[in-house]
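Colleague: let me see the structure of the following:
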Amino acid sequence: MSETSELTATEQTTKQELAEVIAEFEEYRERLVNDTMEAAQRAKMPKAKVLAQLEPELAKIDAVLQNLREQQAAVISQVANG
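Modeller: Take a look at the predicted model:
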């Protein structure tokens, strides 16, 4: 395999892996919110209090997602610029 073909294959793999990780984190975030809110409802906890406690974890997840999206944009930009 030529060096160019290997690079393209690696870039494609990286793009795919980043897309998969981003999707998994998005699903995890959604599931965390939904499951936590359901548990809070069963425990009759105020929604605002639950969201306040959940916010630091959501902020961490959002920061990771932002970082992954920036990496994905960089990879896409590299591919586009050759």
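
Colleague: pull the longest helix from the protein.
Modeller: Longest helix in the chain by number of residues (criterion: DSSP state H): helix 3-42.

Colleague: burial count for T14?
Modeller: Neighbours of T14 under the rule other Cβ atoms under 10 Å: 17. In short, each C-beta sits where N, CA and C put it, glycine included.

Colleague: find the residue closest to it in space, skipping its chain neighbours.
Modeller: Counting by Cβ to Cβ, 6 or more residues apart in numbering, V75 is the residue found nearest to T14 once chain neighbours are left out, at 5.4 Å.

Colleague: by contact count, what packs against the helix or strand of the chain with the lowest mean pLDDT?
Modeller: The helix or strand of the chain with the poorest confidence is helix 3-42; it has a mean of 86 (mean pLDDT, DSSP states H and E). In terms of contacts (3 or more Cβ pairs under 8 Å, 6 or more residues apart in numbering; DSSP states H and E), helix 3-42 is packed against helix 47-81.
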